[in-house]
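# I would like to see how this sequence folds:
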Amino acid sequence: MMADTATADHVIHHVDSRDHVAMALRDLVSGETLTLGDRAITVRADIPKGHKIAVREAAIGEDVCKYGWPIGRATQAIAVGDHVHIHNVETKLSDVETYTYQPTADVIGHDMGAGTFMGYRRKNGRVGTRNEIWVLCTVGCVANTARRIAEKAAVRFAGRVDGVHAFPHPFGCSQLGDDLDHTRKLIAALAAHPNAGGVLILGLGCENNQLAKLLESAPDIDPERLRSFTTQNVEDELEDGLAAVEALVALAERDRREPCPISDLVVGLKCGGSDGFSGVTANPLVGRIADKVADAGGTPVLTEIPEVFGAERILMARAQNQAVFADLVSVVNDFKQYFIDHNQPIYENPSPGNIAGGITTLEEKSLGAVQKGGRAPVVNVIRYGDKIGPHGLTVLEAPGNDAVSSTALTAAGATVILFTTGRGTPLGFPAPTLKIASNSGLAGRKPGWIDFDAGVVLDNTTMDAAADDLMALVVETASGKQTKAEINGEREIAIWKQGVTL
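Predicted coordinates for the structure are as follows:
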C-alpha cells in the first residue's frame, strides 16, 4: 500500500474532459492517492501501466468514454479509482448499421509547408523511394525458385541497384472467383510499383493464375522494365532468371534520385500489436504526418477496416462529399457482413496482446487507430487490390492482419509505410516500413526493430516537435535511408484469402 499523493499530470493521462477513464503512465498500486485537478482519487485496485483507471463513475449499462467517445458499456457499477477493463466493460458492436452524412465544419487541412525528398521518377510520373529489382511469381509452386533467383542475383549484382528481392506467396493454384482475382490483382499491382526499377515475374504453366492473363490485367507495367517466363518451358529456370535480372539491373542502374515534392509521396498508415499508449502517442503522431503529407498534396492511405468499427463516424464526417461518404459506408458494412456471413462476431478484436497492453474493446482500439489518419478530409475509398486515385487521404479496404494489410498498402501505391506498435514486431514489407513505438520501454528494449520512439511525447517533447522529427525521418527514408526492417532483411507479402480452394 502507498500513502503518498501523486499528481495526475505525471502518473495518468486524461485525454478528454468527457472521459470516464484515464490511462496509467506507470503501474498504480491499490491505496495510493492521485490528484486530478482539485480532486483526490484513491486507486481501488492494482492497475498495470497502460491500463485505465476510472476518473468518473459509471452505472451498469452506461456508456464508458475515452477520447470523448464511447468505448463500450459498463457491465457492473464502476467507481472512481477502479481498474476499467474487460471485467467491467463490454463492446456495443453487434451488426451492420445505418449512417447519415453529417460532415464536420472543419475538414480542410492547413498548409504546413511543402518539402522535397530524393526519389526516382518513373516514366508514368509516379515516384519511387527505392530502385530495386523485384522477383514475383504467379503461383506458390515457383515461390522458392523466385527466392533462389533473388538471393543469387543480390550477391552477383550487389551495389548496382538498391537491392534484389523476391516476394513469394503460396497461392495462384486451385483458386476460384475473388480469391484468384485478388492474387492476380496484387501481383500485377506490385509489378507496377514505382519502387521497382525492374520486375521479373515467374509462372509455372499449369496454374489458375496464368501469366499471360496476369500481364493483360496490368497495362500500367512498363514493358521495358518487365521480364517474364513460364518455368515449365525453359531448361534452366535459375540461369534464365539470373539473365533476366541482369538485363533489368543494366536498365535500373542508370536511374538517379532527384528532388521530388512531398506531393509525390504515398504514405501507408498501419498499426500492429497496439497497446494502451498507441492512441495517445504513436497513432496521433502519425496522424500529424498524414496531415503534413495531405496538406502538401501527397497521399496518406489508411486501411484495416475492422479496426475502424466503432470509430467509423469520425471518418465518415470527414468525407469530402456524399459520394465518398457512401463509399465509406459500403466498405465498412461490407466488412461487417463478411464477419457475419462467416458466423463470426464483428467485435472479434482486440487480440490477446492488445488486451494485455490495456485495450478493452474494439471501439477503444478503433478510436486510437483512426487517429493515424489525422484530420484531413477523406477524398477517396478504394477496394482491395486497387491503386490510389486523387491526392489526399485515402481509405483502403483490407483486413487488420499486419502482413495482408501492409501488402495491400504497397500494392495500392504506398512507397513508405508508417507502422505503429506497442508490442513490437520484426516484420517488414515491400515498401520501406518505419516502426514507431508507442512507448519508450519498447523502443529501449528492441532497438533492432524500432525506428522511432513516440513515447517521448509523454515526457518533455511536444507532439509538434516529435512530428517534425518523425517527418524528417520519413523524408530521409524516402530519400534512401534504410529502415531497421530493411537492414534486418525483413521483406514479406501476404494475400487476403477469402474463398474456396479446389
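# name the helices or strands packed onto the lengthiest helix in the chain?
For the chain, the longest helix by residue count, based on DSSP state H, is helix 322-341. Packing partners of helix 322-341 (3 or more C-beta pairs under 8 Å, 6 or more residues apart in numbering; DSSP states H and E): helix 312-316, strand 378-382. From N, CA and C alone the C-beta is placed, and that goes for glycine too.
# among these, which gets the worst mean confidence?
Sorting these by mean pLDDT places helix 312-316 lowest, at a mean of 94.
# Most tightly packed of the helices and strands packed on helix 322-341?
Of all the helices and strands packed on helix 322-341, strand 378-382 has the most neighbours on average by mean count of other C-beta atoms under 10 Å, namely a mean of 22.
# who's in contact with residue 245?
Taking C-beta atoms under 8 Å, 6 or more residues apart in numbering, we find residue 245 in contact with 133, 135, 149, 150, 153, 157, 164, 198, 200, 227.
# Roughly how far does the fifth one sit from residue 238?
Separation of residue 153 from residue 238 (C-beta to C-beta, to the nearest Å): 10 Å.
# sorry, back to before: neighbouring contacts of the helix or strand following the longest helix of the chain?
Next helix or strand after helix 322-341 toward the C-terminus (DSSP states H and E): helix 352-356. Contact partners of helix 352-356, identified using C-beta under 8 Å, 6+ apart, comprise 85, 86, 273, 274, 275, 365, 423.
# Report the mean confidence score over helix 352-356.
Mean pLDDT, helix 352-356: 88.
# What residues sit buried inside that helix?
353, 354, 355, 356 (16 or more other C-beta atoms under 10 Å).
# And for stretch 338-358?
Buried-residue list, stretch 338-358, by 16+ other C-beta under 10 Å: 339, 346, 347, 349, 350, 351, 353, 354, 355, 356, 357, 358.
# What is the nearest of these to residue 471?
The shortest approach to residue 471 among the buried residues of stretch 338-358 belongs to residue 357, at 26.4 Å (C-beta to C-beta).
# pretty sure that closest one is in contact with residue 423, am I right?
Yes. Assessed by C-beta atoms under 8 Å, residue 357 is found in contact with residue 423 at 6.2 Å.
# mean confidence for the helix or strand residue 368 falls within?
Using DSSP H and E, residue 368 maps to helix 362-369. Per-region confidence: helix 362-369 scores 92 on mean pLDDT.
# on that earlier part again, can you flag the buried ones in the contacts of helix 352-356?
Using 16+ other C-beta under 10 Å, the buried members of the contacts of helix 352-356 are 85, 273, 274, 275, 365, 423.
# Please, where are all the strands along the stretch 201-350 of the chain?
All strands of the stretch 201-350 of the chain, identified by DSSP state E, counting those that start in this stretch, fall at 226-230, 258-261, 266-271, 299-302.
# Reformat those as JSON lines; add mean pLDDT.
Compiled in JSON lines, the strands of the stretch 201-350 of the chain are given as follows (pLDDT from 0 to 100):
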{"stretch": "strand 226-230", "mean pLDDT": "97"}
{"stretch": "strand 258-261", "mean pLDDT": "97"}
{"stretch": "strand 266-271", "mean pLDDT": "97"}
{"stretch": "strand 299-302", "mean pLDDT": "98"}
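# now, of these, which is deepest in the fold?
strand 266-271 (a mean of 28).
# Determine the set of other helices and strands touching that strand.
helix 282-295, strand 299-302, helix 402-412, strand 416-421.
# One more pass at 10 Å, please.
helix 282-295, strand 299-302, helix 362-369, strand 393-396, helix 402-412, strand 416-421, strand 433-437, helix 463-478 (3 or more C-beta pairs under 10 Å, 6 or more residues apart in numbering; DSSP states H and E).
# Just want the angle from it to helix 282-295.
160 degrees (axes from the mean of the first three to the mean of the last three C-alpha atoms, to 10 degrees).
# Tell me the strands beside strand 266-271, with direction?
Applying DSSP bridges, strand 266-271 is found paired with strand 299-302 (parallel), strand 416-421 (parallel).
# Let's have those in TSV, adding distance to residue 99.
Below are the strands paired with strand 266-271 laid out as TSV (distance: least, C-beta to C-beta, whole Å):
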stretch	distance to residue 99
strand 299-302	18
strand 416-421	27
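# closest to residue 325 out of those?
Comparing the strands paired with strand 266-271 by C-beta to C-beta, strand 299-302 comes nearest, at 15.4 Å.
# From the chain's centroid, how far away is that closest one?
10 Å (C-alpha atoms, centre = their mean, to the nearest Å).
# Next: stretch 442-449.
On C-alpha atoms, centre = their mean, the centre of stretch 442-449 falls 19 Å from the chain's centre.
# How about that stretch, which residues are buried there?
442, 443, 446, 449.
# Just the element for the residue lying closest to the first one once chain neighbours are set aside, please.
The spatially closest residue to residue 442, leaving aside those adjacent along the chain, is residue 424, at 5.3 Å (C-beta to C-beta, 6 or more residues apart in numbering). Take DSSP H and E as the rule and residue 424 turns out to sit in neither a helix nor a strand.
# any idea how far residue 249 is from residue 430?
Relative to residue 430, and taking C-beta to C-beta, residue 249 is found at 18 Å.
# neighbour-wise, which of the two wins?
residue 430 (26 against 19; other C-beta atoms under 10 Å).
# Would you agree that one is in contact with residue 408?
No. Between residue 430 and residue 408 there is no contact, the gap being 11.0 Å when judged by C-beta atoms under 10 Å.
# Are there residues contacting both of the two? Which ones?
Common neighbours of residue 430 and residue 408 (criterion: C-beta atoms under 10 Å, 6 or more residues apart in numbering): 414, 493.
# quick one: contacts for the residue nearest to the spatial centre of the chain?
With distances taken as C-alpha atoms, centre = their mean, residue 270 lies nearest the centre of the chain, 1.4 Å away. Counting by C-beta under 10 Å, 6+ apart, residue 270 touches 286, 301-304, 307, 369, 372, 398, 400, 402, 405-406, 408-409, 414, 417-421, 429, 433, 435-436.
# Which among these count as buried?
286, 301-304, 307, 369, 372, 398, 400, 402, 405-406, 408-409, 414, 417-421, 429, 433, 435-436.
# Got the domain ranges for the chain?
5-90, 132-254, 266-478 (automatic domain parsing).
# okay if I get the ones you listed as CSV plus distance to residue 120?
Converted to CSV, the domains of the chain look like this (distance: least, C-beta to C-beta, whole Å):
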stretch, distance to residue 120
domain 5-90, 39
domain 132-254, 7
domain 266-478, 10
